Every structure is written in structure tokens, then in C-alpha cells.
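Participant: show me the folded form of this:
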Amino acid sequence: MLLGVLGIPPVLVALIAGSWSEAAVHAGVATTMAVVGRAASRRFKADGMQENEALVITAGGFVLAATGAAVSMSSAGLGAFDAIFEAVSGVTTTGLTVVADPGSASASLRFNRAWAQWYGGLGFVTLASAMLGRGHLVNRIAGMEEDDDDPLGGMRAHGRRVLAIYVVLTVGGVVALWVLGAGPFDALLHALAAVSTGGFSSSSESLSAFGVPVRVAVLVLCVLGAMSFVTIHRTVRDSWKTAIEDVQLRSLLAMVGLAAMLVFLFEWLAGSASGAAGMGNALATAASAQSTAGFSTWSVGSLTPASKIVLLGAMFVGGSVGSSAGGLKQARFLMVLGTIRRRVIRTGMPRRAVWVPRIAGQKIEPEEARRILGLAFGWVLLIGTVWLAFAAFGYAPLDALFDVVSATATVGLSTGVVSAGLEVPLKLLLAVAMLVGRLELIAMLVLVAPGTWIGRRRSTS
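Facilitator: Got it, this is the predicted structure:
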């Protein structure tokens, strides 16, 4: 039912643009979603929510949203596989595109891409953050408020807070970009894609098509989208000191600064960057990679191998838990570092001594550390498998690895490997990588293993 409602804005934009056939397809998709959703809501009644159901709802919701978006985008002339790729890239807030020239695409398609990223980012923050990691340390570090007795009620309360912040940031972003020189439609599209850390641009030149003030405003929105929304809420409610005390935000900004300095240094040594303009481009690229937004001001494919490796690391780690950003997440990265630190310190301690590392005052228990290391290993395994397929097709190893990590971390920066001419099997592999990277492996495995949830409802009596 919700996806049916979310299908209304693309219909209106298509009608305003005079794209009657696209409007008809959008309306058909929205109506189908609403009718099926209404029928299901009358047939099935919610009575509490189990973890397996939460995982299925989250993963299934994204797959269903991508399916509807793919049908809508196919009405703009995209082939079936290109429409699937573009839709998955949209709802997962990745931003990789196989549209050769977005600037020449219909207004309806350009809006549909940005809109899919906006509600995909909102859906991830509300559903995944509130349900997928319930009870885990990463949620406590992010300050997620939980109610173990009523996860559905807790998710709704969290969703209301996130929606308010999301809408305010989006509206403020549209106004700011319009005032700073972007046209009204471009301002809308880039605000939708920036707050969701999506990265779809209305121009094939991405942010290079705009002046410095617009670029800065877009990147500020991207960083805000990569912050924990709980931190933003508490900063507005309590004090600006809340943001300063957020360990994830401090780590995020530190990594942006470090990546920017290294990229500028490597490009300066190669003679391809200098002065304020070079530093500005390095900072913009680092912020886009770390926030997993995917906007670009440089041609990533022309960067030095050292710069690409730095950006690979930034994309892999990503933004904060509780944000719309992708990647492994700052809290998890800090937990991995804490676990490594514990292992090193333990070598010099008495055998029976006990020392438990902490992050933001929270203990990193061994079980939590194993869970995070397992997740990181799963990511590496997925990236390696998809990368091997690209190698089999003959793509340059580093450039292929860059784009595979960009897809898995839902970033959107590309060296040029991902394009309209990419082979169909690789497009489908990247679509799977984007979904798994956004929702995480366990949720997708539960979804495709019906035996874990069909007929598995515990009695509430």
C-alpha cells in the first residue's frame, strides 16, 4: 500500500512533462501495488513481529520496490535488464547508472531515478536500522532507541522521527540549491539524491555541471545523510554538543579529511592536481566516497591507482549506522579496530587478566565481535566473487574492483567499467551485489529460504 502511495509523484511528474505513456505505466504500477497491498492487509493482521518476519519484510520490501521501479523505468525506453539495474541502483541508493546520457533522458525518468533513491534511503533508515540489528551493539553505539517488547511500535516511533528529519533536510536542500543557482528541477533531483546518499545526477557530468556553491551544498547534504539520524534528532532537541560527542561522526569526518589529503597528495605527485581547485576536487571526491553518495567532480577513471585504492577503503567503510549511507558502517569499523587492539594488548597481559575494549562507553563482547567479523568476511567474499566474474570478462583488475566495491557499498562512483555497454550477466551480478550490500547477507538469505519464515510464527498465547 505504501509503495502504491509512493508511486503517485512519478505519475504527476510524467503528466506535467506530457509523457502520457510513461504516466500510464507509472499509474498502473502504483495502482497494482495499492490494490494488492490493501487486499493483503485485510487478509493478514499484524500481531507483534518476529525477527525472521522483520528480515523478510525488509528484504522483500526492497525487492518489491525495485520490481515496481523497473517496470516504471522500462516505459522510458530502457531495456529490461537496464531497467532492472537502474531500479535496483535507485532503491538501494547506489547511483551507478547504465543510462548513457542522463541529461537527455525524459524528465519522468530523471525524476523516477532520484525519487527511487529518496524513498529507498528513507526505507532503509526506518526498516533496516530499526529492525535488522535490533539488540546489537552497533545500534546502541548509534543511540538507537529500542523497545524489545514491542519492536513494531518502536520501529514506527523511529520512523516518525526519521521522516520528519528526512523531509526537513530535503526541503531545505531544494531551497538552498535553487537559491545557489541550480534550476528548480535540478535542485529537486539533487536534493532527493543527496539526502539519501544516492548520487543520481540529472547530468552526465554529475556535480561538474554546476558551480562551486551548488557543489558544496550538495556535499553538505550528503554528509548530513551519512550521519546517524538519531544524532541529528538529539542535536536539534538537546545541544550541538551531541554531534561533537558522536564517535561515528568524528570518525566519519576524520576519514574524509584523511582520504582527501591522500588523494590530493597522490594526484599532486602525478602532476594532475594542484592548488585550491585540486584540493577542492579531492575533498569533494573523498566526501562523496565516504558518505557513499557517489557524486563526482573528477573523472574517477583518470585518477592514479593509489588514489583509487584510498577511495576503495573509504567506500568500503562508508557512513554511520542509523544513516542512509551504505558501506560496512563506522560503528562496525570501529568495532573491528577495537577487536584488533584487544588482540594486540592481550599478548602482553597475564593469562587470566580480563580486558574488554569499549566504543562510546559500550563493551565489545566476543560474540558481537565475531558477528561483525563474520559480516566483514561475507562482504569480502561477495566482492571477491563478483570481481572474479569481471576478471573473467577481461576488465582491468583495479578498475573492476573499484566498481564492484562501489556497487556493494552502494556508493555509485565508477571508473567507467559500469556503462550502458556492460554485459548483461555482469549487470545482474552487480544488481545482486547492490541488494546484498544494502540489506546485508542474512536478510537476503532468509528471504530466499522460505523455510525460515513460512509457517514459522511462534504462538503469542
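
Participant: from now on I want contacts and neighbour counts done on CA atoms only, so please keep to that.
Facilitator: Fine.

Participant: so F124 touches S324, yeah?
Facilitator: Yes - using Cα atoms under 8 Å, F124 makes contact with S324 at a distance of 6.6 Å.

Participant: and those two? Which one has more around it.
Facilitator: Neighbour totals were compared for F124 and S324, and S324 leads with 37 against 28 (other Cα atoms under 10 Å).

Participant: what comes up buried for stretch 368-387?
Facilitator: Across stretch 368-387, burial judged by 16 or more other Cα atoms under 10 Å covers E368, A369, I372, L373, L375, A376, G378, W379, L382, I383, V386, W387.

Participant: try stretch 226-234
Facilitator: A226, M227, S228, F229, V230, T231, I232, H233.

Participant: the last one and S320: what is the separation?
Facilitator: Distance of H233 to S320, computed by Cα to Cα, to the nearest Å: 14 Å.

Participant: likewise the second one?
Facilitator: Applying Cα to Cα, one obtains 5 Å for the distance of M227 from S320.

Participant: what's the answer for the first one, then?
Facilitator: Taking Cα to Cα as the measure, A226 and S320 are separated by 6 Å.

Participant: just to revisit the earlier point, I'd like the buried residues of stretch 226-234 laid out as TSV, including secondary structure and distance to V63.
Facilitator: TSV is the format used below for these (DSSP: H, G, I helix; E, B strand; the rest coil; distance: Cα to Cα, whole Å):
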residue	secondary structure	distance to V63
A226	coil	23
M227	coil	25
S228	coil	24
F229	helix	24
V230	helix	26
T231	helix	29
I232	helix	29
H233	helix	29
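
Participant: nearest to I84 among the residues you listed?
Facilitator: I84 lies nearest to A226 out of the buried residues of stretch 226-234, by Cα to Cα, at 25.8 Å.

Participant: avg pLDDT for stretch 428-441?
Facilitator: Averaged over stretch 428-441, pLDDT sits at 90.

Participant: give me the residue ranges of the protein where confidence is low.
Facilitator: 45-48, 128-156, 354-357, 360-361, 458-461 (pLDDT under 70).

Participant: how about the strands in it?
Facilitator: 358-359, 362-363 (DSSP state E).

Participant: and those as TSV, adding mean neighbour count and distance to G301?
Facilitator: What follows is the strands of the chain, written out as TSV (neighbours: other Cα atoms under 10 Å; distance: least, Cα to Cα, whole Å):
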stretch	mean neighbour count	distance to G301
strand 358-359	16	37
strand 362-363	14	41
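
Participant: in this structure T170 contacts S196, no?
Facilitator: No - using Cα under 8 Å, T170 is not in contact with S196; the gap is 9.1 Å.

Participant: between those two, which has more neighbouring residues?
Facilitator: Legend: neighbour count by other Cα under 10 Å for T170 and S196, higher for S196 (37 against 23).

Participant: the nearest residue to that one once chain neighbours are set aside and A65, how far apart?
Facilitator: Among residues not flanking S196 along the chain, G121 sits closest, at 4.8 Å (Cα to Cα, 6 or more residues apart in numbering). G121 sits 12 Å away from A65, going by Cα to Cα.

Participant: shared neighbours, these two?
Facilitator: Contact criterion Cα atoms under 8 Å, 6 or more residues apart in numbering; residues shared by G121 and A65: V91.

Participant: what about the two, which has more around it?
Facilitator: G121 (30 against 24).

Participant: which residues touch the more buried one?
Facilitator: Applying Cα under 8 Å, 6+ apart, the residues near G121 are V91, T92, T93, S196, T197, G198, S324, A325.
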